[in-house]
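> I'd like to go over a predicted model; first the sequence, then the structure.
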Amino acid sequence: MAGYSGTPLAAMLGIKTGTALLTVDAPPAYRDLLVRMPDGVAFEARRTARIDLMYVFSTSRRKLGAFLARARRRMRDDSAIWSGLKLVVRREQRRTARSRF
């Protein structure tokens, strides 16, 4: 899937040939979004010194902050982390938001 620029998402996220990639708590269809992956990309199952890029998803800022603090101590100087909060909106919150407008 490409953005409006036509650049594949994998390229926008810095995934290059031979990248060792770790995803943590990714949405179920996350890999489906990463079409046209470069050759030799390896999805790793756990944090190791081999990881080049780590993509971390969380529904809690506190948990995300704690994870990032731990991960930074274990990662190589030339590796990177992308992180994001998965937004979870409960049905009651949507109703409340609608009633404000």
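Okay, I see it. Numbering: from 1, shown residues only.

> have a look at the protein and report its longest helix.
Looking across the chain with DSSP state H, the single longest helix is helix 61-74.

> show the subsequent helix or strand relative to that helix.
Using DSSP states H and E, the next helix or strand after helix 61-74 towards the C-terminus is strand 80-85.

> need the residues that contact that next one.
The contact list for strand 80-85 (C-beta atoms under 8 Å, 6 or more residues apart in numbering) reads 13-14, 52-61, 64, 68, 71-72, 75. (Each C-beta comes from the backbone N, C-alpha and C, glycine too.)

> list buried residues within those.
Leu13, Asp52, Leu53, Met54, Tyr55, Val56, Phe57, Ser58, Leu64, Ala71, Met75 (16 or more other C-beta atoms under 10 Å).

> okay, the nearest residue to the first one once chain neighbours are set aside: pLDDT?
By the measure of C-beta to C-beta, 6 or more residues apart in numbering, the closest residue to Leu13 outside its immediate chain neighbours is Trp82, 6.3 Å from it. In this model, Trp82 is scored at 84, pLDDT.

> related to what we said a few turns ago, pLDDT on the longest helix of the chain, on average?
Mean pLDDT, helix 61-74: 86.

> residue contacts, the spatially most central residue of the chain?
Centroid-nearest residue in the chain, with C-alpha atoms, centre = their mean: Tyr55, separated by 3.1 Å. Going by C-beta under 8 Å, 6+ apart, Tyr55 touches Leu13, Leu21, Leu22, Thr23, Val24, Ala26, Tyr30, Ile81, Trp82, Ser83.

> repeat that for Ser79.
By C-beta under 8 Å, 6+ apart, the contact set of Ser79 is Ile51, Asp52, Leu53, Met54.

> just the buried ones among the contacts of strand 80-85: which are in strands?
Judged by DSSP state E, the subset of the buried ones among the contacts of strand 80-85 located in strands is Leu53, Met54, Tyr55, Val56, Phe57, Ser58.

> tell me which element the closest residue to Ala45 other than its chain neighbours falls in.
Excluding the flanking residues, the one nearest Ala45 by C-beta to C-beta, 6+ apart is Leu22, at 7.9 Å. Assigned by DSSP H and E, Leu22 falls within strand 20-24.
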